[in-house]
Every structure is written in C-alpha cells, then in structure tokens.
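> dropping the sequence and predicted coords here.
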Amino acid sequence: MSKFGSLAEVCADNPGAFLGTAEAHEEGALDLGDLATVERALADLCYVNVPEELLESDYEGPSALENFAARPTWWTRFFGLW
C-alpha cells in the first residue's frame, strides 16, 4: 500500500523479484486466480493497482532522495524506502 493514499502494488514476491505479474505467472510463482482475487479485493476497497513495470521506471520529478545511491523510481516516490 502506498504512503500516498489509495495506490497498491501486487507482486508475487518482494518488489523487483519479477518484472511484473506476467513474468511471475510464466515462472510459476503466481496463480492467475489468486491474482484476480487480490485485484478484486483492492478494487472493492477503492485501491488502484499500479503495475510493477511502471513503478520500476525512472522518476525524474522533485525528490528528497538527492543522496540516494540508486536512481529514484516511481516505486521509491510512492512507496518509499524500506
């Protein structure tokens, strides 16, 4: 769940373990029926599921992560650092 309200990311393992749910399914780590159940529950709760592929793209907007060693992504923008 995002620190910015109603955004959520669905991933089969830790974020970044697979590049999206399609790859996780192809490698046998994600059941499509389970994914549909989770996506339906998120929609019922008014959450927007943001694809992992989008979250891994570069974030070029203003950031407090100037000294961050890695490039800022949309994932770090919306979900923060763990």
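Cool, the structure landed. Residues are numbered from 1 along each chain as shown.

> ok, residues contacting the lengthiest helix in the chain?
Longest helix in the chain, counting residues (DSSP state H): helix 32-44. The contact list for helix 32-44 (CB atoms under 8 Å, 6 or more residues apart in numbering) reads 8, 10, 21, 25, 48, 49. C-betas here are computed from N, CA, C, even on glycine.

> mind running it again at 7 Å?
Contacts to helix 32-44, defined as CB atoms under 7 Å, 6 or more residues apart in numbering, come from residues 8, 10, 21, 25, 49.

> do you know how far the last one is from residue 43?
Looking back up the chat, that one is residue 49. 8 Å (CB to CB, to the nearest Å).

> of those two, which one has the most company?
A direct count of neighbours by other CB atoms under 10 Å for residue 49 and residue 43 places residue 49 higher, at 15 against 12.

> for residue 51, which non-adjacent residue is spatially closest?
Spatially, and ignoring its direct neighbours in sequence, residue 51 is nearest to residue 20 (6.1 Å; CB to CB, 6 or more residues apart in numbering).
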